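Colleague: My questions are about this predicted structure, shown below with the sequence.
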Amino acid sequence: MSPKKGFALIAVLWGLVILGMISSAMIAGSGVMQRQAFGSADTLRWSAIEDALVNEAVLELLGERTDHPLPTDGTWRAIASKEVSGEISIQDESGRIDLNVAPRDVLVDLLRSTRLDPERAMVLADRIVEWRKPADDPSIRASEAATYDAAGLGYAPRGGPFQRVDEARLVLGMTSATYDRIAPALTVFSGNEQLDPDLAPPAALASFPGIDAERASQIVAARGKGISFAAFVGRSNGDATATAPKSAGRVGRAFEIVLRLHMPDDRQIERRETIRLVNLPASVFWVLDRRDSPAEGEIASRQQR
C-alpha cells in the first residue's frame, strides 16, 4: 500500500472515531435532557398539588368549606387526599409574638423562657427594640453602629421594622440556640402588641409567667378539647394578660400554612407559606412569605455536586 493510501485510510478511521464520539455525546446529552424533563414534570406536578392544598386551606379559612375543618393554632392534621399523603398545619399569626410591636417586657419573658438569666434577657430584649426603633438622633445611631463594629459585625441595627423573623439572628448577642428556641413563637405579620393565647403555639405560651414547656403542652392539649386558656389557668376573661382582644372575622389577618408531603419514594418535602386574607375583587389572599424545603434525597444530591 502506498504511503498516500495509508494516510487516507488512517484519516477515514479517525473520522469514524470522531463521529462515533460525537454520536455518543449526543445520545448521552439526550438522555440527560430526557431525565431533566421528567424531573421538571415531576416537580411541576408536586408544586401543583401544593398549590391546590394551600388554596383548599384558604377556602377553609374563609368558611367556604366545612367538611374538613382545620384548627388555626398550628396543630398538625393528616391531609385527606387521594393524590398525596402528609400533614398540614395552619397557624394564626395572632397567636405569636410580633417582633415589631411586642412590648419589651413580653420579649424579656419570652427570652427568659429559654433559660437565659434575667440580665442577659433584658439586654437582648433592649437590643431587639433598638433594632426596630427609628433612631432620629444621629449620635445614637453612630453609637449603635460602633457597638456592633466593636463586636466584629459589619452592620448596624436596621432602625426600622424587622422584615422577617430570621432577621432576629442578626441582633447582637442572639445565639443560634436562643434563636431556635424562640423562633416558633415569633412573627412580623400580626401587628398586635399582645398575642392571643387561645391560638398560641407552646413556645409562645411559655412566655407567660409561670408557664413552662410542660404546662404549655398541657394547655394545647386542653385546647383540643375546647378548654380555653383562661379556663385552664383559672383566670377571668377580663384579665388582659390572659386573653387578647379577638378580631372580628379572619379577613385582614395573617396565617402560616405548613405542608409536609410524603413522596412515593419515601422522600419528604415541606412548604411554608404565610398569607394574609383580603377582601378584594381580584384576590382573596396575599402571599407574604414562602419557603420551600427540598426533599431529603434532593438535598443529598445537591451536597454531592
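Modeller: Okay, I see it. Numbering: from 1, shown residues only.

Colleague: hey, where'd the helices end up in the stretch 101-250 of the chain?
Modeller: With DSSP state H, counting those that start in this stretch, the ranges of helices along the stretch 101-250 of the chain come out as 104-112, 118-132, 138-150, 176-182, 202-205, 213-223, 229-233.

Colleague: okay if I get those helices as JSON lines plus distance to residue 262?
Modeller: Quick note: C-beta positions are derived from backbone N, CA and C, even for glycine. Converted to JSON lines, the helices of the stretch 101-250 of the chain look like this (distance: least, Cβ to Cβ, whole Å):
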{"stretch": "helix 104-112", "distance to residue 262": "33"}
{"stretch": "helix 118-132", "distance to residue 262": "37"}
{"stretch": "helix 138-150", "distance to residue 262": "44"}
{"stretch": "helix 176-182", "distance to residue 262": "25"}
{"stretch": "helix 202-205", "distance to residue 262": "25"}
{"stretch": "helix 213-223", "distance to residue 262": "24"}
{"stretch": "helix 229-233", "distance to residue 262": "33"}
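
Colleague: Residue 72: which of these is closest?
Modeller: Closest approach to residue 72 among these is made by helix 213-223 (11.1 Å; Cβ to Cβ).

Colleague: Would you tell me which of the helices of the stretch 101-250 of the chain gets closest to residue 88?
Modeller: helix 213-223 (17.0 Å).

Colleague: In CSV, list the C-alpha atoms belonging to the closest one.
Modeller: Extracted as CSV, the C-alpha positions of helix 213-223 are listed here (Å, rounded to 0.1, in the frame of the first residue of the first chain):
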residue,chain,number,x,y,z
ALA,A,213,-42.8,23.9,78.4
GLU,A,214,-44.7,21.0,80.1
ARG,A,215,-47.6,23.3,81.2
ALA,A,216,-47.7,24.9,77.7
SER,A,217,-48.2,21.4,76.1
GLN,A,218,-51.0,20.7,78.6
ILE,A,219,-52.7,23.9,77.6
VAL,A,220,-52.5,23.0,73.9
ALA,A,221,-53.9,19.5,74.7
ALA,A,222,-56.8,21.1,76.6
ARG,A,223,-57.5,23.5,73.8
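
Colleague: ok so, going back, looking at the helices of the stretch 101-250 of the chain, which one is packed in the most?
Modeller: helix 202-205 (a mean of 23; mean count of other Cβ atoms under 10 Å).

Colleague: What ranges in the stretch 201-305 of the chain fall below the confidence cut-off?
Modeller: 235-248, 294-305 (pLDDT under 70).

Colleague: domain assignment for the protein?
Modeller: Listed by automatic domain parsing, the domain ranges of the chain are 3-94+250-304, 97-185.

Colleague: what's the average pLDDT for the last one?
Modeller: Same thing as domain 97-185. Averaging pLDDT along domain 97-185 gives 94.

Colleague: Please name the nearest non-neighbouring residue to residue 61.
Modeller: Computed as Cβ to Cβ, 6 or more residues apart in numbering, the closest residue to residue 61 that is not its neighbour in sequence is residue 250, at 5.6 Å.

Colleague: and that neighbour, what does it touch?
Modeller: Contacts for residue 250 (Cβ atoms under 8 Å, 6 or more residues apart in numbering) come out as 61-62, 277.

Colleague: ok, now how distant is the residue sitting nearest the centre point of the chain from residue 140?
Modeller: Geometric centre of the chain, nearest residue: residue 272, 5.0 Å, by Cα atoms, centre = their mean. Relative to residue 140, residue 272 is positioned 36 Å away (Cβ to Cβ, to the nearest Å).

Colleague: go on, residue 102?
Modeller: 21 Å.

Colleague: returning to that earlier point: closest to residue 136 out of the contacts of residue 250?
Modeller: Out of those, the member with the shortest distance to residue 136 (by Cβ to Cβ) is residue 277, at 35.0 Å.
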